[in-house]
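>>> Quick check, what structure comes out for this input:
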Amino acid sequence: MSVQVNKTAHSFDKVRLDALLNRRFFYAPAFEIYGGIAGLYDYGPPGSALQANIIAEWRKHFIVEEGMLELDTTIMTPAPVFETSGHVARFADWMVKDTKTGDVLRADHLVKNVLEARLAGNLEARGAAAIPQNENDKKRKKKAAKVTATALEDSVVKEYETILAQLDNYSGPQLGELCRTHKIRNPDTDNEVGEPQQFNLMFASSIGPTGQHPGFLRPETAQGHFLNFSRLLEYNNGRVPFASAQIGRSFRNEISPRAGLLRVREFTMAEIEHYVDPEDKNHDKFKEVRDVELILLDRHVQESGSSETIRMKVGEAVDKGIIANETLGYFVARIYQFLVKIGINPERLRFRQHMANEMAHYATDCWDAEIHNSTGWTECVGCADRAAYDLSVHSAKTGHPLVVRQALKEPIVTEKEAVEWDKKTLGKTYKKEAGVIQKVVESLEEAALIKLKGELTQGAAVITSEDGKSFKLTPDILSIERKVFKQSIREFTPNVIEPSFGLGRILYTLLEHSFWSREQDVERGVLSIPPVVAPTKVLIVPLSARIEFDPLVQEVSTKLRRAGVFSRVDDSNTSIGKRYARNDELGTPYGVTIDFASVQNRTMTLRERDTMDQRIGPMDEVIATVTDLVNGSINWAEACQRLPAYDGVQAVD
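Numbering: from 1, shown residues only. Coordinates of the predicted model:
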């Protein structure tokens, strides 16, 4: 029977986790020996392997299972692309400056940190929360806004909570008003801050030796999808719906990156653009996820000043119109399934709907997958219905039609008024203004065309352009006749549903959710990373570095590799217990020990990381069992039924 383990015996300690991640080189500040640059990090061997495994599972979960078309588009992007998409004008955050030191702070983060610190101080003053006493807590508090035990009026507490619930909905001027009204200062200096100003987050650059082509490092991968839409549509035989997917680097010149991997300037994104008929946003596989239960925080609750969540099945949320349509709901559910599969705690995962002011100007609905961690709730995935905005603006700018042409099963027959021009007479009469006249007439509704037709039968008609100019039209310039039209092709611009993943944020929150300390020894940290994404799946531990173990170590290592199981050998001189403890910190879920019984009897022990439970069996049977465990075809309880418990006694003569 599997051993029970208490993972909550000690409270979460971020300082201890950070020390572990640094010691084991999951990641570290880039250019560290030169002093480093805020917001830039290098991943070490376990961090790189963890990210690669998350990406591999993402590809399997989305690209393979959903039959998506994978892209790899350029990072450097000409400026006109982002001018058209709206990034040059709108891709910005609000910043404020310390009036004395000139230090720059992100305005919404400043308001959030200061108000949260005041609420924490109120709890301490009222005895509802103990003032931290240990050194680790003191170190943590230095990095955040200072918490002072000061009681607040109940009305002020309510006001602060309302502001925090609606924070993402405030504009720059409103954030400035909050700073003035609530006397919010730079917590590092206690100096006042100036009025919020917009700061564009894109890194500007140039293309070519003379800089004649201004460009930007992409802040997202999405535009590469949209600009290749025609090719993707042709590759997909002209059919929608379909999805393109891309994993790659993006860059954002963050104002004040201070939260490790949660806010960086260079990061890896995984994005999907699912193209769908605007008149049919149902999804063929929605029935498969209807019963997935989510924790939701909708826009109406936030706008009322609350952060109260509800549990609801995604099918019910779509039926009630809380989530806009089936395709959006389908991807929200699939995002949930992916995050839980790789190890995110479902009780610390919620989906928050964007409020009116924070919604992108083109979006019709947007939900963020937010994961709770030591800094609060962090957006890790966005899932938006971008409507037809992107394809429409790029098509209008370039003249390249980014549309779907769909043959109709039954032609549509319509009867309507049609305009016929005598372009020679029109051009001779109005010269350069001929185009304006055509545009005005051809934009008229059916009723207006009928009225114009009647006036022409009387000899002449007068039309007015947008700038107020009047033009006299006569029957020799144009005629209007009723005609029958037969439409066999439907042309439309597809809408886009976009799930967008910040992989660095997911990786870090996964590490937080996985970290705990042994009940009997707080210094023995463990990362309970699921086998599917663990950097190393199996640790091979020879009892010692004696030469007689080498052939078996090589054999086991080779068989595991051939089974697709990534393993490492630790034949250092330290004790087996210390070697396992070291790899518990690296998140290695399983270990096999080769000892004298292995040499004599070809048996081997199998250890499970969390419980430290050990089983024994023939080498090939242990290898088969651990392979099934890593592949997810069995769990530890089932493995315990295959292999007997190891009693710690070597079965040797």
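
>>> and residue 4, how many neighbours?
7 (other CB atoms under 10 Å). Heads up, the C-betas are built off the backbone N, CA and C, glycines and all.

>>> ok, now residue 640?
There are 20 residues near residue 640, going by other CB under 10 Å.

>>> Could you do residue 602 as well?
Around residue 602 there are 12 residues (other CB under 10 Å).

>>> Just to check, residue 412 is in contact with residue 489?
No: under the criterion of CB atoms under 8 Å, residue 412 is not in contact with residue 489, lying 9.8 Å apart.

>>> can I see the domain layout of the chain?
The chain breaks down by automatic domain parsing into domains covering 16-83+206-353+362-392+496-505, 92-200, 407-490, 536-642.

>>> Give me the residues contacting stretch 109-117.
Stretch 109-117 is contacted by residues 96, 144-148, 160, 163-164, 167, 170, 175, 178-179, 182, 184-187, 193, 256, 376 when judged by CB atoms under 8 Å, 6 or more residues apart in numbering.

>>> what mean pLDDT would you report for that stretch?
For stretch 109-117, mean pLDDT is 91.

>>> Once you drop chain neighbours, what's closest to residue 416?
Distance criterion CB to CB, 6 or more residues apart in numbering; nearest residue to residue 416, sequence neighbours excluded, is residue 446 at 6.2 Å.

>>> Verify the contact between the one you found and residue 418 for me.
No: at 10.8 Å, residue 446 and residue 418 do not qualify as touching, with contact defined as CB under 8 Å.

>>> Give me the more crowded residue out of these two.
For residue 446 versus residue 418, neighbours defined as other CB under 10 Å are more numerous around residue 418 (13 against 9).

>>> Please identify the buried residues of stretch 4-24?
Using 16 or more other CB atoms under 10 Å as the test for burial, stretch 4-24 gives 5, 13-14, 16-18, 20-21, 24.

>>> Same question for stretch 243-253.
So, applying 16+ other CB under 10 Å, buried residues of stretch 243-253: 243-248, 250-253.

>>> Give me the distance between it and the centre of its chain.
10 Å (CA atoms, centre = their mean, to the nearest Å).

>>> Restricting to C-alpha, output it in PDB.
Taking Å, rounded to 0.1, in the frame of the first residue of the first chain, the C-alpha atoms of stretch 243-253 are listed here in PDB:
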ATOM      1  CA  ALA A 243      -5.900  26.900 -36.200                       C
ATOM      2  CA  SER A 244      -2.300  27.900 -36.500                       C
ATOM      3  CA  ALA A 245       0.100  27.600 -33.600                       C
ATOM      4  CA  GLN A 246       3.500  29.000 -32.800                       C
ATOM      5  CA  ILE A 247       6.100  28.800 -30.000                       C
ATOM      6  CA  GLY A 248       8.700  31.500 -29.900                       C
ATOM      7  CA  ARG A 249      10.500  34.400 -28.300                       C
ATOM      8  CA  SER A 250       8.800  37.700 -27.700                       C
ATOM      9  CA  PHE A 251      10.100  41.000 -26.200                       C
ATOM     10  CA  ARG A 252       8.500  43.600 -24.000                       C
ATOM     11  CA  ASN A 253      10.400  46.500 -22.500                       C
END
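
>>> what's the average pLDDT for that stretch?
In this model, stretch 243-253 has a mean pLDDT of 97.

>>> would you say residue 479 is within a strand?
Yes: counting by DSSP: H, G, I helix; E, B strand; the rest coil, residue 479 is part of a strand.

>>> In a helix, residue 368, correct?
No: counting by three-state DSSP, residue 368 falls outside a helix, being strand.

>>> list the contacts for residue 369?
Neighbour list for residue 369: 332, 335-336, 339, 349-351, 379-383 [criterion: CB under 8 Å, 6+ apart].

>>> Present these as TSV; the columns should include pLDDT and distance to residue 90.
Conversion of these to TSV gives the following (pLDDT from 0 to 100; distance: CB to CB, whole Å):
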residue	pLDDT	distance to residue 90
332	98	25
335	98	25
336	98	29
339	98	29
349	98	29
350	98	27
351	98	24
379	96	18
380	97	22
381	98	21
382	96	16
383	97	20
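
>>> Those residues, buried ones only, as a PyMOL selection?
Per 16+ other CB under 10 Å, the buried members of the contacts of residue 369 correspond to this PyMOL selection:
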select buried, resi 332+335+336+339+349+350+351+380+381+382+383
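
>>> So which of the contacts of residue 369 are in helices?
332, 335-336, 339 (DSSP state H).

>>> any idea which of the residues you listed is closest to residue 582?
residue 339 (28.2 Å; CB to CB).

>>> Nearest residue to the closest one in space, please, no chain neighbours.
Leaving aside its sequence neighbours, residue 339 sits nearest to residue 349 (CB to CB, 6+ apart; 6.0 Å).

>>> same deal with residue 228?
Spatial nearest neighbour of residue 228, excluding adjacent residues (CB to CB, 6+ apart): residue 71 at 6.6 Å.

>>> Also residue 502?
residue 380 (5.5 Å).

>>> quick one, what contacts the one you found?
339, 368-371, 501-502, 505-506, 509.

>>> That one and residue 273: what is the separation?
Residue 380 sits 19 Å away from residue 273 when distances are taken as CB to CB, to the nearest Å.

>>> Repeat that for residue 349.
Residue 349 is 24 Å from residue 273, by CB to CB.

>>> Same question for residue 599.
Noted for residue 599: a distance of 57 Å to residue 273, by CB to CB.

>>> Settle it for me: which of the two has more neighbours?
Remark: of residue 599 and residue 273, residue 273 carries more neighbours, 29 against 16, as counted by other CB under 10 Å.

>>> from the chain's centre, how far out does the host helix or strand of residue 406 sit?
Assigning secondary structure by DSSP states H and E places residue 406 in strand 404-421. Averaging C-alpha positions (CA atoms, centre = their mean) puts strand 404-421 42 Å from its chain's average.

>>> from the buried residues of stretch 243-253, which is closest to residue 234?
Nearest to residue 234 among the buried residues of stretch 243-253, with distances taken as CB to CB, is residue 244, at 12.7 Å.

>>> That closest one bridge partners, please.
residue 69, residue 273 (DSSP bridges).

>>> elements contacting the strand or helix carrying residue 396?
For residue 396, the element it lies in under DSSP H and E is helix 389-398. On a contact count with 3 or more CB pairs under 8 Å, 6 or more residues apart in numbering; DSSP states H and E, helix 389-398 meets helix 79-85, helix 222-227.

>>> quick one: buried residues of it?
For helix 389-398, the neighbour count (16+ other CB under 10 Å) marks 389-391, 393-395 as buried.

>>> Contacts for that helix next, please.
With CB under 8 Å, 6+ apart, helix 389-398 has contacts from 80-81, 84-86, 222-223, 226-227, 229, 361-363, 400-403, 493-494, 496.

>>> Only the buried subset of these, as a ChimeraX command please.
Buried members of the contacts of helix 389-398, defined by 16+ other CB under 10 Å, are picked up in ChimeraX with:
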select :81,84,85,222,223,226,227,229,362,363,402,403,493,494,496
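
>>> Let's verify residue 162: helix, strand, or coil?
On the basis of three-state DSSP, residue 162 is classed as helix.

>>> The residue nearest to residue 464 when sequence neighbours are not counted: neighbouring residues, count only.
Distances taken as CB to CB, 6+ apart place residue 470 nearest to residue 464, at 5.3 Å, with adjacent residues excluded. Neighbourhood size, residue 470 [other CB under 10 Å]: 8.

>>> so what's residue 470 up against?
Residue 470 neighbours (CB under 8 Å, 6+ apart): 462-464.

>>> Likewise for residue 81?
Under the criterion of CB under 8 Å, 6+ apart, the contact list for residue 81 reads 223, 227, 394.

>>> per-residue confidence for it?
95.

>>> That one and residue 356, how far apart?
As judged by CB to CB, residue 81 and residue 356 stand 28 Å apart.

>>> Output the contacting helices and strands for the strand holding residue 406.
Contact here means 3+ CB pairs under 8 Å, 6+ apart; on that basis strand 404-421 packs against helix 434-442, helix 446-457, strand 478-492.

>>> Could you check how far the closest residue to residue 413 other than its chain neighbours is from residue 405?
Once flanking residues are discounted, residue 413 sits nearest to residue 486: 5.4 Å by CB to CB, 6+ apart. For residue 486, the distance to residue 405 equals 16 Å [CB to CB].
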